[in-house]
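K.L.:
Quick one: sequence and predicted model below, then my questions.
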Amino acid sequence: MPHDPVLAQIVRRYRSDSRFPISALGMGLLLLLTARPALGAEAGVASLDWSRLLMALFGGLALFLFGLDMLSEGLKKAAGQTLRTALGRLTKNRFAGALTGAFVTAVLNSSSVTTVLVVGFVTAGVMTLAQSVGVIMGANIGSTATAQLLAFNLSAWALVPVAVGFFLLFAGRADRTREMGTMIMGLGLVFYGMGVMSDGMKPLRTHPPFIEILQKMERPVFGIFAGALFTALVQSSAATVGIAIAMATEGLLSLPAGIALALGSNIGTCVTALLAAIGKPTEAIRAAVVHLLFNVVGVLVWIGFIPLLASLAVSISPESSELEGAARAAAEVPRQIANANTLFNVANTLLFIPFTGWFARLAEWLVAARSKPSRVLVQPQYLDEAALAAPSLALEGVRLEIGEMGEIAAEMLEAIGPALRDRSLSSLDAIALRDDDVDVLEAALLEYLGKIRQRSLTEEDSREQQRLVAATLHLEGLADVVASDLVELARSAGDQRGEPAGELRGLLEGLYEAVSRAVRLAVEAVRNRDATAAAEVVRMRETIREEAEHLLARQAQQLEDEAPDDLLRVRLRVSFVDQMRRIYTLARRVAEVDLPPALSRRR
């Protein structure tokens, strides 16, 4: 086997620099696989400059992927609030879910990220697995938006948006202007990268071994396998379809071969979601399996109807009747490939959306629920690394995780009352142990929020990140008060004989229940962005203050009647009132994360 200096250089760079994209390595492997016959043919070696060809393809791919990332980054910032609102309304109607999935994926430029985000909603109980199937189906439609964009052959004008976007990005002061500049510059780099790849592939038009490989692509199984393999390597179906369109622009790829590659890319893109689901809760694995099942079944249904799909794509695509032969094919086939890709995904969604429940049940059958150990420290469920690609949506995952953390703290507080009444030391020990779970989630949340902070954030996302850091710290402090101070007070109270008088007991229980309710409302305010719940927590301030002062006054009056041996009970009750006030203060600070501005100014 001849030595490949280009491949050796790529591998050395990849090993020495972890930032070197795996997509480049995957591209090099595929190119060398297709080029291998040429390297063994004397005529082929003489007619091609492989160093220039690979340099153009690698450089073009790098510009293409970097531009795609910039375009998506600008879109995510501009549409962050819209994405949050859309994802919050997709729980009931499967058709609305499909539309939402398509919209979110078109903005994120990643059906895998959409799938990961949906997993969080399923795990949180916001939607069922069956409802999430519609969103996953819609995500496939959204992933075709990039291909439609790439089918416009604008590489000759690509440097114009690069220049305009650069000016807006570096000269603009307002966030909106900079976001627009990021999008425009990214769009220009996408088309410029496409042009570089397209120009680099021109010598291959007369290279017999490469043409033979492309002819094999017209065999559906071979083309689908190649598309799936390449997409799995680069983890981007947009890159696979983009390269197919670039090849078609040079007249190198026929429509059936392009369709086969696009179908394969739909299978290969599932690898990202499957890898992301490793080690995650059962719901995450099932959602990834649904994604894979839907795409594989869809490809199997259409594999025998590629000629029909090609005819439909031709019928809805513009013609270039003024051209002939290879020139006409180069002008028409790119758009036809993009349209065929969209038709395939839209038709699959319409065909299978009535069977979302069937897909969910099949995934549940294939992935059985795992039994939970009797006692293990809790692990974060919603802090997925893939969601960091969209900071505004990653912050939604943080809210869900804070909700889980707050749920534990609220349960700890609510368990104090029964443990105190029953004088159960074992119950108190269990309450104290749960503080370890809160500490685990706090550490994970602060680490994840730190990663979000390292991303490029809008002013609103930056402010929200800071508010959620504060909410995390306040909730952890609340749990500490329960686990240490309240548990110790309960232990001391359990050692005392006698019960407070009926009126005093009622006052103590009333204060305890009011504070417990405030904690619950504060958790709901953060988890669901519920401004009404947040405002109610703040309004409870005067009520709790009055109840606490009334209790303290009652205790002061009873001091005269208490025997010296009963002074300890009085101190315990006073300490209990103080701890309740501390817990309410922390709950109010948590709720203020979502406090309406008007109330925030008055507090």
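P.N.:
Yes, it's here.
K.L.:
which non-adjacent residue is nearest L57?
P.N.:
G200 (5.1 Å; C-beta to C-beta, 6 or more residues apart in numbering). C-beta: built from backbone N, CA, C; applies to glycine.
K.L.:
Tell me the backbone dihedrals of the one you found, please.
P.N.:
Main-chain dihedrals, G200, degrees, to the nearest 10: phi -70, psi -30.
K.L.:
what does stretch 177-193 rub up against?
P.N.:
Residues outside stretch 177-193 that contact it (C-beta atoms under 8 Å, 6 or more residues apart in numbering): 59-75, 77-78, 149-150, 152, 154-155, 157-170, 172, 458.
K.L.:
How far does stretch 438-449 sit from its chain's centre?
P.N.:
18 Å (C-alpha atoms, centre = their mean, to the nearest Å).
K.L.:
buried set for that stretch?
P.N.:
Residues 438-442, 444-445, 448-449 are the ones in stretch 438-449 that count as buried (16 or more other C-beta atoms under 10 Å).
K.L.:
now swap in stretch 165-181 and tell me
P.N.:
For stretch 165-181, the neighbour count (16+ other C-beta under 10 Å) marks 165, 168-169, 178-181 as buried.
K.L.:
list the contacts for D530?
P.N.:
Residues in contact with D530 (C-beta under 8 Å, 6+ apart) are 524, 594.
K.L.:
Was I right to think A535 contacts L595?
P.N.:
Yes - shown here, A535 and L595 form a contact pair, counting by C-beta atoms under 8 Å, at 6.9 Å.
K.L.:
what secondary structure does E319 sit in?
P.N.:
What DSSP: H, G, I helix; E, B strand; the rest coil gives for E319 is coil.
K.L.:
who's in contact with V196?
P.N.:
By C-beta under 8 Å, 6+ apart, the residues touching V196 are 56, 59-60, 63.
K.L.:
Among the residues you listed, which one has the most neighbours?
P.N.:
When neighbours are taken as other C-beta atoms under 10 Å, the top entry among the contacts of V196 is G60 (25 neighbours).
K.L.:
which parts of whatever helix or strand that one lives in are buried?
P.N.:
Under the criterion of DSSP states H and E, G60 resides in helix 50-78. For helix 50-78, burial by neighbour count (16+ other C-beta under 10 Å) applies to 50, 53-54, 56-58, 60-65, 67-78.
K.L.:
tell me what it is packed against?
P.N.:
Using 3 or more C-beta pairs under 8 Å, 6 or more residues apart in numbering; DSSP states H and E as the contact definition, the elements that helix 50-78 packs against are helix 5-16, helix 22-39, helix 94-108, helix 175-200, helix 237-249, helix 391-422.
K.L.:
packing partners for the fifth one?
P.N.:
Using 3+ C-beta pairs under 8 Å, 6+ apart as the contact criterion, the elements in contact with helix 237-249 are helix 50-78, helix 145-150, helix 175-200, helix 220-234, helix 255-268, helix 325-352.
K.L.:
relative to helix 175-200, how tilted is it?
P.N.:
Orientation of helix 237-249 against helix 175-200 (axes from the mean of the first three to the mean of the last three C-alpha atoms, to 10 degrees) gives an angle of 50 degrees.
K.L.:
next one: the third one
P.N.:
Counting by the same axes, to 10 degrees, helix 94-108 points 80 degrees away from the direction of helix 175-200.
K.L.:
looking only at pLDDT, what's the mean for helix 94-108?
P.N.:
For helix 94-108, the mean pLDDT works out to 78.
K.L.:
helices or strands up against it?
P.N.:
Helix 94-108 packs on helix 50-78, helix 80-87, helix 111-123, helix 129-142, going by 3+ C-beta pairs under 8 Å, 6+ apart.
K.L.:
starting at the chain centroid, how far to the last one?
P.N.:
It stands for helix 129-142. Centre-to-centre, helix 129-142 and its host chain are 14 Å apart (C-alpha atoms, centre = their mean).
K.L.:
Now do the buried residues in that helix.
P.N.:
Within helix 129-142, the residues scored as buried using 16+ other C-beta under 10 Å are 129-142.
K.L.:
ok and that helix relative to helix 237-249, angle-wise?
P.N.:
30 degrees.
K.L.:
again with the longest one
P.N.:
Per the same axes, to 10 degrees, the angle that helix 50-78 makes with helix 237-249 is 130 degrees.
K.L.:
Which residue is the nearest non-sequential neighbour of the residue nearest in space to the middle of the chain?
P.N.:
For the chain, the residue nearest the mean C-alpha position is A387 (2.9 Å; C-alpha atoms, centre = their mean). Counting by C-beta to C-beta, 6+ apart, A387 lies nearest to A394, which is 4.3 Å off, once chain neighbours are set aside.
K.L.:
Could you give the number of residues near the one you found?
P.N.:
Applying other C-beta under 10 Å, we find 25 residues neighbouring A394.
K.L.:
give the contact list for it.
P.N.:
Contact analysis of A394 by C-beta under 8 Å, 6+ apart lists 387-388, 448, 452.
K.L.:
Switch the residues you listed over to CSV; also include distance to I337 and pLDDT.
P.N.:
Listed next are the contacts of A394 as CSV, based on distance: C-beta to C-beta, whole Å; pLDDT from 0 to 100:
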residue, distance to I337, pLDDT
A387, 31, 77
L388, 32, 83
Y448, 39, 93
I452, 37, 91
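K.L.:
Remind me which helix or strand E464 belongs to.
P.N.:
Here E464 is covered by helix 459-480, with elements defined by DSSP H and E.
K.L.:
roughly how far is that helix from the heart of the chain?
P.N.:
Put simply, helix 459-480 sits 20 Å off its chain's centre (C-alpha atoms, centre = their mean).
K.L.:
list the contacts for A310?
P.N.:
By C-beta under 8 Å, 6+ apart, A310 lies in contact with 255-256, 259, 336, 340.
K.L.:
What distance do you get for it to Q336?
P.N.:
Distance of A310 to Q336, given as C-beta to C-beta, to the nearest Å: 7 Å.
K.L.:
if I look at those two, which residues touch both of them?
P.N.:
Joint contacts of A310 and Q336 (C-beta under 8 Å, 6+ apart) are L255.
K.L.:
still on that earlier bit, verify the contact between the residue nearest to L57 and D49 for me.
P.N.:
No - in this structure, G200 is not within contact of D49 by C-beta under 8 Å, at 10.2 Å.
K.L.:
Of the two, give the one with the bigger neighbour count.
P.N.:
G200 (21 against 11).
K.L.:
Tell me who's in contact with that one.
P.N.:
G200 makes contact with 52-53, 55-57, 60 under the criterion C-beta under 8 Å, 6+ apart.
K.L.:
burial count for E212?
P.N.:
12.
K.L.:
Equivalent analysis for L308, please.
P.N.:
If you count neighbours by other C-beta under 10 Å, L308 ends up with 10.
K.L.:
Mind telling me what element it is part of?
P.N.:
According to DSSP H and E, L308 maps onto helix 306-316.
K.L.:
Centre of the chain to that helix, how far?
P.N.:
34 Å.
K.L.:
can you check stretch 102-112 too?
P.N.:
Taking mean C-alpha positions (C-alpha atoms, centre = their mean), stretch 102-112 and its chain are 10 Å apart.
K.L.:
Restricting the selection to alpha carbons, write it to PDB.
P.N.:
Output in PDB follows, covering the C-alpha atoms of stretch 102-112 (Å, rounded to 0.1, in the frame of the first residue of the first chain):
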ATOM      1  CA  ALA A 102     -39.000  21.700  12.700                       C
ATOM      2  CA  PHE A 103     -38.600  25.300  13.700                       C
ATOM      3  CA  VAL A 104     -36.200  24.700  16.600                       C
ATOM      4  CA  THR A 105     -34.000  22.400  14.500                       C
ATOM      5  CA  ALA A 106     -33.900  24.900  11.700                       C
ATOM      6  CA  VAL A 107     -32.600  27.400  14.100                       C
ATOM      7  CA  LEU A 108     -30.200  25.100  16.000                       C
ATOM      8  CA  ASN A 109     -29.100  23.400  12.800                       C
ATOM      9  CA  SER A 110     -29.000  20.100  14.700                       C
ATOM     10  CA  SER A 111     -31.800  17.500  15.100                       C
ATOM     11  CA  SER A 112     -29.600  15.800  17.700                       C
END
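K.L.:
Great, nothing more from me.
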